[in-house]
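Asks: Okay, here's the prediction I keep looking at, along with the sequence it came from:
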Amino acid sequence: MRPQRRLPPWFKVRFPGGPNYLRVKGLLDQADLHTVCQEARCPNIGQCFEEGTATFLILGDVCTRDCRFCAVAPGRPAPPDPQEPERVARTVAQLGLRYAVVTSVTRDDLPDGGAGHYAQTIAKVRERSPDCRLEVLIPDFKGNEAALATVVAASPEVLNHNVETVPRLYPKVRPQAVYTRSLALLRRAKELSPGLVTKSGLMVGLGERMTEMAQVMVDLRRAGCDLLTIGQYLAPSASHLPVARFYEPEEFADLAKVGRELGFRHVESGPLVRSSYHAARQAAYPEA
């Protein structure tokens, strides 16, 4: 088995276990809900749970794709749980969230890719917590424009779809995805709802070049993308893609500067940054 690389010193994070962490985890367990914080082994889980936030993972915890960077289990998922949207809404209300993030596994087995389930979840959260802002981090729906339109029509405040890496690395990193399809999704979302805030995310440390990163940022801006996250890739296990290199904090600052110069409304760039890390702050909305 390939040995994992030692993490640089700037990757020290809070150990999960504070009183609010236990409360959030307890509510999620009680509601039988999944979070990307747990399934993707996010290094920020201790901080986010302690601050009373979580990123809800709907449509199960098994993905129909097998990306080489992701810790979520691939396989054949169960049918969508029709009660899940209500349980998410109830937990959002119990946590008193003013900003919530909802994402999902990729469900290529469903005709609409799970878009209807997203729309139901948004509607249920609106019923119980009308003042809560919603961000959805969606899959590409295999380019299904009707599915995208279903989610956009549900009126989330922010629509996020991650391109993840540079196009040259797609065959190795996310072989079942298509770079141009992801860009088209972000562009089409803006066409469907010009006032919708759109967002995307990138990982570094997979072997990309700085010139390639800059070009992806140009492509995202041309697609109308407003917000961008950039974080360090960390291999979830020795069987996942290895880390090619660790970026220095100064390099993340340089990437953020490039993004700001290109016109992104906000760029969150740092070693531990993930798509939903401080999501409310990125979107300039008040947090819980």
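Replies: Cool, got the structure.

Asks: roughly how far apart are Pro74 and Thr165?
Replies: For Pro74, the distance to Thr165 (C-beta to C-beta, to the nearest Å) stands at 18 Å. Heads up, the C-betas are built off the backbone N, CA and C, glycines and all.

Asks: Those two - which one has more neighbours?
Replies: Thr165 (27 against 15; other C-beta atoms under 10 Å).

Asks: What residues does that one make contact with?
Replies: The contact partners of Thr165, taken as C-beta atoms under 8 Å, 6 or more residues apart in numbering, are 69, 173-174, 202-203, 206, 208.

Asks: Please list the members of those that lie in strands.
Replies: Mapping those onto strands (DSSP state E) picks out 202-203.

Asks: Now flag whichever of the contacts of Thr165 is closest to Ala256.
Replies: Leu202 (11.5 Å; C-beta to C-beta).

Asks: For the closest one, which non-adjacent residue is spatially closest?
Replies: Nearest residue to Leu202, sequence neighbours excluded (C-beta to C-beta, 6 or more residues apart in numbering): Ile230, at 5.0 Å.

Asks: just checking, that neighbour touches Lys257?
Replies: No: taking contacts as C-beta atoms under 8 Å, Ile230 lies outside contact range of Lys257: 11.4 Å.

Asks: Going along the chain, name the helices of the stretch 101-250 of the chain.
Replies: 115-128, 145-153, 170-173, 179-192, 210-222, 249-262 (DSSP state H, counting those that start in this stretch).

Asks: which other helices and strands contact the last one?
Replies: Packing partners of helix 249-262 (3 or more C-beta pairs under 8 Å, 6 or more residues apart in numbering; DSSP states H and E): strand 197-204, helix 210-222, strand 227-232, strand 266-270.

Asks: circling back: so between Ile230 and Lys257, which is more surrounded?
Replies: Neighbour count, other C-beta under 10 Å: between Ile230 and Lys257, Ile230 has more, with 24 against 12.

Asks: How about the contacts made by Thr64?
Replies: So Thr64 contacts 74-77, 105-109 (C-beta under 8 Å, 6+ apart).

Asks: What about Leu59, how many residues nearby?
Replies: 25.

Asks: pLDDT score for it?
Replies: We note a pLDDT of 95 for Leu59 in this prediction.

Asks: By mean pLDDT, point me to the weakest helix or strand of this structure.
Replies: helix 36-39 (a mean of 50; mean pLDDT, DSSP states H and E).

Asks: Distance to Pro82 for the helices of the stretch 101-250 of the chain - can I get that in a markdown table?
Replies: Shown next, in a markdown table, are the helices of the stretch 101-250 of the chain (distance: least, C-beta to C-beta, whole Å):
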| stretch | distance to Pro82 |
| --- | --- |
| helix 115-128 | 8 |
| helix 145-153 | 16 |
| helix 170-173 | 34 |
| helix 179-192 | 26 |
| helix 210-222 | 35 |
| helix 249-262 | 40 |
